[in-house]
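Participant: Next come a sequence and a model predicted from it.
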Amino acid sequence: MRTPVRGRTTLMAMAALTALTLPLAACGGDSGSGDSNSKTVTIWSSIDQPVQDGLLKSLEAKIKAGGDDITVKWEKVENINQLIITKIQSGDTPDIALVPQPGVVKQMNDLGAIKPIDDAVDMEALKASMMPGTLESGTIDGKLMGMLVSANVKGLIFYPKKAWADAGYDPASVTDIASLQALTDQMKSDGNTPWCFGIESDTATGWPVTDWIETLVMKSAGADFYNQWVAHEVPFDSDEVKAAGSTMEGLLFGDGNVLGGVQSATSTNFGEAGTPMFDAAGPKCWMLNQGSFITGFFPDDVKADLDANVGVFGFPPATAGGENPVEGGGDLLTMLNDSDNVKKVVSYLSETDIGNDAAPGSSFFSPHKDFDVSLYPNQVTKDEATYAYGSTAFLFDGSDAMPAEVGTGSFWKEMTSWISGEEDFDTAVGNIEANWP
């Protein structure tokens, strides 16, 4: 299973298996990165196979239409984040690698392994087309070093559509965080349990809490502060972060707010947390805050008619009509060879319609806000797109960009300790700040 799953480093527990996956990399060893005249362009990624197949179909059609004598060899590899660094160090790399973390792009750049993309693409067209913030996520020292090709969205609130309609709950009423709190309170007064919540993920336990906090920080403190926080230009335990923790406590920590109580989340698997929404006897919990990938974990009978069973809306801004950034992730294209043929492939992959064949039959989500949303396979994805494309900024998952000791280390660990009741939020974020590398 890829890391991240639909853009989430949730399953970074798989990193423990890196030693097992590295030998498989030999399948990608036929690199064209050292041959400026090669007609074969090699691409490595860990994206889902149906997404890869759809992108490759569109890419090959563009190459044919352009009359280019180029053959694309696109290989799916495991754990691209660690594999690509290992292969850079051994001098055995592809021409293009799609990596899901800005931190890895920076690491590749620090190793001198990647080339600026600016000259290979139409930057003005990209600036007009891409969601705000996406280009910035791959820009280093003023140069575009990583270009988002496929994306995912987080901070999405899923709900059981039929039950909500019967109960008279209206997603349109949620216009700010205060109204989300009011809806939470209304559900409780109706005798319902508002929130589904699970953070167990084997050795990656705790990551769903980091998504909650990141979303609340960006919504309440704004995109600029969020980026400063992720870069540690402000303390991890800043007052704005503590305020986000307080907001989360208001939504989840009250008696009856979470199915089984908030502490039960440490033993509730993230992929199973939403299942009780669709219980045959009626919802046991009524809302789940997660990423767009989570629908793949819903029960089969729910997925069989997703639009009839599932509704979704974006986590609201702090103030109705105010700044409304969205958290997300995705696969950033890096160019390890700047031959003419590689640049042509990169240019094709930058075009809005490169996802036209991938979108209808896969989990593909375009980072282009002018993408034809009618191509998405269901209304749920179209609603996710409406939310994301209308955001004021697309901000990469903070824990993916923080140093690994924090992002997939102390951040997960300390948030789990907070949820389990072992320590309060201020202590948890204080510990992270004190141990920032």
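Facilitator: Done, it's in.

Participant: okay, CA-based contacts and neighbour counts for the rest of this
Facilitator: Will do.

Participant: Low-confidence regions, the stretch 301-437 of the chain specifically.
Facilitator: Low-confidence segments of the stretch 301-437 of the chain (pLDDT under 70): none present.

Participant: Please enumerate the strands of it.
Facilitator: 310-314, 326-335, 394-396 (DSSP state E, counting those that start in this stretch).

Participant: in its sheet, what does the shortest one sit against?
Facilitator: Spelled out, it's strand 394-396. The pairing partners recorded for strand 394-396 under DSSP bridges are strand 326-335 (parallel).

Participant: show me what contacts the residue nearest the centre of the chain?
Facilitator: Note on the chain: the residue nearest the mean C-alpha position is residue 329, at 3.0 Å, using CA atoms, centre = their mean. By CA atoms under 8 Å, 6 or more residues apart in numbering, residue 329 lies in contact with 7, 8, 100, 101, 151, 152, 153, 154, 395, 396, 397.

Participant: count of neighbours near the third one?
Facilitator: The tally of other residues near residue 100 (other CA atoms under 10 Å) stands at 31.

Participant: Check the last one too.
Facilitator: Using other CA under 10 Å, the number of residues around residue 397 comes to 26.

Participant: ok, it touching residue 214?
Facilitator: Yes: using CA atoms under 8 Å, residue 397 is in contact with residue 214, at 7.4 Å.

Participant: Could you tell me which residues touch both of those two?
Facilitator: With contacts taken as CA under 8 Å, 6+ apart, residue 397 and residue 214 have residue 327 as neighbours in common.

Participant: which secondary structure elements does the helix or strand hosting residue 178 contact?
Facilitator: Per DSSP states H and E, residue 178 falls inside helix 177-189. Helix 177-189 sits against helix 239-252, with contacts defined as 3 or more CA pairs under 8 Å, 6 or more residues apart in numbering; DSSP states H and E.

Participant: Pop the domain breakdown of the chain in here.
Facilitator: Following automatic domain parsing, the chain resolves into domains at 40-152+327-396, 156-325+399-434.

Participant: Please name the bridge partners of residue 327.
Facilitator: In this entry, residue 327 is beta-bridged to residue 395, by DSSP bridges.

Participant: just to revisit the earlier point, mind checking which of the strands of the stretch 301-437 of the chain is nearest residue 422?
Facilitator: strand 326-335 (28.0 Å; CA to CA).

Participant: Counting neighbours, which bits of the closest one end up buried?
Facilitator: For strand 326-335, burial by neighbour count (16 or more other CA atoms under 10 Å) applies to 326, 327, 328, 329, 330, 331, 332, 333, 334, 335.

Participant: cool, and stretch 246-265?
Facilitator: By neighbour count on 16+ other CA under 10 Å, the buried set for stretch 246-265 is 246-248, 251-253, 256-265.

Participant: cool, stretch 300-310 as well?
Facilitator: 302, 306, 309, 310.

Participant: which residue sits closest to the first one, ignoring its sequence neighbours?
Facilitator: For residue 302, the nearest residue in space outside its immediate sequence neighbours is residue 309; the separation is 5.9 Å by CA to CA, 6 or more residues apart in numbering.

Participant: any idea where the strands of the stretch 101-250 of the chain begin and end?
Facilitator: With strands called from DSSP E, counting those that start in this stretch, the stretch 101-250 of the chain shows them at 139-140, 143-144, 147-153, 156-160.

Participant: Burial-wise, tell me which of the ones you listed comes out on top.
Facilitator: The highest mean neighbour count among the strands of the stretch 101-250 of the chain, using mean count of other CA atoms under 10 Å, belongs to strand 147-153: a mean of 27.

Participant: can you give me how far the biggest helix by length in the chain is from the chain middle?
Facilitator: Counting by DSSP state H, the longest helix found in the chain is helix 49-65. In terms of CA atoms, centre = their mean, to the nearest Å, the centre of helix 49-65 is set 23 Å apart from its chain centre.

Participant: Sweet, I'm off.
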